[in-house]
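Asks: I'll drop the sequence and a predicted model, then ask my questions.
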Amino acid sequence: MYKNYHTHTYRCKHAQGDVNDYAKVAIDNKVAVLGFSDHTPLPDNRWTDVRMELQELGGYISAIESTQIDFPQLTILKGMECEFADEYAGFYKDELLGRLKFDYIIAGAHYYPLNGDWVSSYNGSMEKYQLKAYAEYVVRAINSGLFAFIAHPDLFGSAYEQWDRNAASCSRYILEAAQDMKVPLEINGYGLRKPKRTTPEGMRSMYPWMQFWELAAEYDIRVVMNSDAHKPSDVTANIDEACSIARRYGLKAADLSYLEKGRKA
């Protein structure tokens, strides 16, 4: 049976389908736990081109709660994927996890702060100083204690071309923080569905970046294997491959059953 804690809906503007569409496919694909973690709206409506707007939050919650009723044989969890920033910490803690009783939230570093601005983790060619800023940002998210796990921590592989001592050093910084705070890291299946990139070391996935996970084996961390589904047909996509990566490097799976809070599968 599969467990996937990273699922999106049409509301983020770059995914397809709604909650019930994913649930229908999940039932047919031996999924026991289906966690929704669409890109969170933000109080200042920042980055609305790749996330729902604040006024859509109620509809997202209603879609999840009604699907929980319609599919009692499936454990459906209510989550969000968040960009960490100090100014949003109160919204995440008091509103999402507090008043609205979300089951969990996760952090994804799609952007990182640099010289007073926010820079995309995907675009351009990341330099050493940018890689350092990315790693420092991920560590701040880990140290916040807000997140059930960190999504695709090796996302920097989308822009940083070659595995070198800088990549290793920044990876160790992230891994040490995850170990110290006992925050799981995600091996993300979506990266395996994206186009490969050409590097001096040959063709590779943008992420998961294998050297990162090989290095992770030196640390006492836990990992989560998710599909990061952006359409219903991908609800279990590449989870098996992500599990194979974990086995290859002897990485231990995180136990996230506490997120279910008594929900019946």
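Replies: Noted; the coordinates are in hand.
Asks: tell me how far the ends of stretch 116-129 are from each other?
Replies: Taking CA to CA, to the nearest Å, the first and last residues of stretch 116-129 lie 14 Å apart.
Asks: Can you list the neighbours in contact with that stretch?
Replies: Stretch 116-129 has contacts (CB atoms under 8 Å, 6 or more residues apart in numbering) with 109-113, 130, 133-134, 155-156, 158-161, 166. No exception for glycine: its C-beta is placed from N, CA and C like everyone else's.
Asks: Among those residues, which are located in strands?
Replies: Among the contacts of stretch 116-129, the ones falling in strands (DSSP state E) are 111-113.
Asks: re earlier: show me which pair in the contacts of stretch 116-129 is furthest apart.
Replies: For the contacts of stretch 116-129, the farthest-apart pair by CB to CB is 113 and 161; their separation is 22.0 Å.
Asks: nearest residue to residue 205 other than its sequence neighbours?
Replies: residue 191 (5.3 Å; CB to CB, 6 or more residues apart in numbering).
Asks: Tally up the residues packed near the one you found, please.
Replies: Using other CB atoms under 10 Å, residue 191 has 20 neighbouring residues.
Asks: and the strand or helix carrying it, what does it pack onto?
Replies: Element membership of residue 191, judged by DSSP states H and E, is helix 190-193. Of the remaining helices and strands, none touches helix 190-193 by 3 or more CB pairs under 8 Å, 6 or more residues apart in numbering; DSSP states H and E.
Asks: Now the element after that helix, going C-ward?
Replies: Using DSSP H and E, the helix or strand that follows helix 190-193 in sequence is strand 197-199.
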